[in-house]
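Student: Only the shape, not the letters, is given here:
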Ligand code: OGA
Ligand code: MN
């Protein structure tokens, strides 16, 4: 198979075609798809014809799929636990009007990378569009490998070996979710290196996100200023692009080499149905342990 790969930016993002993702794929095809992801960081497959089952089956070529947490008192919208809900609909299919949940989802409009607040990192996310708003609702991506490459040497030296503490509740707080700093501090955090080396290419990437609360060993103000500076650096126009969705489009991104954020749209009046599978870094396909449920129970909160 030869995939057709059209770069979006010279170093980052590609529109990929030439394969039917619904069909069984042989080892060589799977390898080419994974290699193309590792090379470009974000791959856009248009008009895939995927549904819930084939989306999940295809996603498994990347490894173990995480399970979305079940939240007490809240009905699941999807029967498959592998599907995370990135849309704005209720389980009954109506447009969500719950203010807290809307605010919670607003956190995804800030630059982030999925699940950096968990000790076990997520590698790839695969987001499939079912219904899209007539205006807005695009998704933005930022190239954290090229951003790292282009950092001044003094900054590379300054951040070498640093670690960040991440919390989902930091990004929710930044988005306006009613939580105090003390409440964020009391909830679980995950410590992650600020620079990750990508095994397949040997390139370094900034592992930053709006979930990042502290730089380990720095006063909070100083740490947050550094986190903001790095996010601002990595999201300059030369590192970013947006994807405008149509139903059936699938975008795969590598959470370890990119950030993303959702674009604004009229959440109270326009429908957006987007479903995501997420791959656990380094875990075998049949890996059983899924700590999301525990994380959300211990946070007494809602899913991200
Ligand atoms: C996600 C996410 C943004 C969007 O699914 O992880 O951040 O535009 N989505 O839906
Ligand atoms: Mn996300």
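Tutor: Right, received. Where do you want to start? The model shown is predicted, which means the values in this text are computed figures rather than measured ones. Ligands and ions are numbered 1, 2, ... in the order given.
Student: dump the residue contacts of the most centrally placed residue in the chain.
Tutor: Nearest residue to the geometric centre of the chain (C-alpha atoms, centre = their mean): residue 114, 3.4 Å. Contacts for residue 114 were tallied using C-beta atoms under 8 Å, 6 or more residues apart in numbering; they are 122, 125, 255, 278, 304. In this view, the C-beta of every residue, glycine as well, is placed from N, C-alpha and C.
Student: Now do it against ligand 1, distance only.
Tutor: 5 Å (C-beta to the nearest ligand atom, to the nearest Å).
Student: now residue 59
Tutor: Residue 59 is 13 Å from ligand 1, by C-beta to the nearest ligand atom.
Student: could we number from 2 for the rest of this?
Tutor: Fine by me, first position is 2 from now on; the one you just mentioned is residue 60.
Student: which residue ranges form the helices in the protein?
Tutor: Ranges of helices in the chain, per DSSP state H, are 28-41, 53-60, 100-107, 145-151, 154-160, 169-175, 182-187, 221-235, 293-300.
Student: what would those helices look like in TSV with mean neighbour count and mean pLDDT?
Tutor: As requested, those are exported to TSV (neighbours: other C-beta atoms under 10 Å; pLDDT from 0 to 100):
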stretch	mean neighbour count	mean pLDDT
helix 28-41	16	97
helix 53-60	19	98
helix 100-107	16	90
helix 145-151	22	98
helix 154-160	12	98
helix 169-175	25	96
helix 182-187	14	95
helix 221-235	16	98
helix 293-300	17	77
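Student: re the thing from before, what's the closest of the contacts of residue 115 to ligand 1?
Tutor: Ligand 1 lies nearest to residue 126 out of the contacts of residue 115, by C-beta to the nearest ligand atom, at 5.6 Å.
Student: Which residues of the chain lie near ligand 1?
Tutor: Residues of the chain lying near ligand 1 by C-beta under 6 Å from any ligand atom: 87, 109, 115, 126, 128, 140, 261, 263, 275, 277.
Student: Which ones among these lie within strands?
Tutor: The strands, defined by DSSP state E, take in 126, 128, 140, 261, 263, 275, 277 from those.
Student: Drop anything exposed from those.
Tutor: 126, 128, 140, 261, 263, 275, 277 (16 or more other C-beta atoms under 10 Å).
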